[in-house]
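Engineer: got a structure for you, letters missing:
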């Protein structure tokens, strides 16, 4: 079994009887184990548990390559924004390390969308929400009522907005634009 490659803290819990759990606190992995688990059991079980968690977490991240991100954008457009007679527009999606005041931006004339590389470490449904938001600008340029109705077709929209607000708050940062 693969060993965990990220540091973690083990916290014993009197409330836990048989199961282990993992959470993140300020970016650090915290493994919750039953108080009665022996140190030998901990050394045997926890590294594999953390490895499996990290593998699952990595599989839920947005695509790393721009080409994959563009394909994802096309799929999201087709799934949530397509309507009869509306084709997927010309599109190019890329990561940007220069986006520090907004999560994403869209150049309507060229179909170029840039996403802040801060989204790379977030769950894929959060990056997808920002991407859907930017894709919606290709249909509705301003933040009108119709714009927000289109974005709301993405089922994780409210949850993702809350996640981004919470992330910024935890980092002590000001709200960012989309």
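Structural biologist: It's in. If you're wondering where the values come from, they're calculated on a predicted model, not measured in any experiment. Residues are numbered from 1 along each chain as shown.
Engineer: just for the chain, where's the confidence low?
Structural biologist: Filtered on pLDDT under 70, the chain yields the residue ranges 1-6, 26-27, 57-59, 178.
Engineer: Show me where it has its strands.
Structural biologist: Along the chain, the segments classed as strands by DSSP state E run 8-13, 21-25, 28-34, 92-96, 104-107, 112-116.
Engineer: which of these is buried the deepest?
Structural biologist: strand 112-116 (a mean of 21; mean count of other Cβ atoms under 10 Å). Every C-beta, even on glycine, is put in place using the N, C-alpha and C of the backbone.
Engineer: name the helices or strands packed onto it?
Structural biologist: Using 3 or more Cβ pairs under 8 Å, 6 or more residues apart in numbering; DSSP states H and E, the elements in contact with strand 112-116 are strand 92-96, strand 104-107, helix 124-136.
Engineer: Can you lay out those as JSON lines showing distance to residue 16?
Structural biologist: JSON lines is the format used below for the helices and strands packed on strand 112-116 (distance: least, Cβ to Cβ, whole Å):
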{"stretch": "strand 92-96", "distance to residue 16": "39"}
{"stretch": "strand 104-107", "distance to residue 16": "40"}
{"stretch": "helix 124-136", "distance to residue 16": "28"}
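Engineer: residues of the longest helix anywhere in the chain that come out buried?
Structural biologist: The longest helix of the chain (DSSP state H) is helix 39-59. Going by neighbour count (16 or more other Cβ atoms under 10 Å), the buried part of helix 39-59 is 42, 46-47, 49-51, 53-54.
Engineer: How far off centre is that helix?
Structural biologist: Relative to its chain's centre, helix 39-59 lies at 22 Å (Cα atoms, centre = their mean, to the nearest Å).
Engineer: Would you mind giving the domain segments of this protein?
Structural biologist: If you go by automatic domain parsing, the domain ranges for the chain are 8-59, 66-171.
Engineer: Excluding chain neighbours, what is closest to residue 91?
Structural biologist: Among residues not flanking residue 91 along the chain, residue 111 sits closest, at 4.7 Å (Cβ to Cβ, 6 or more residues apart in numbering).
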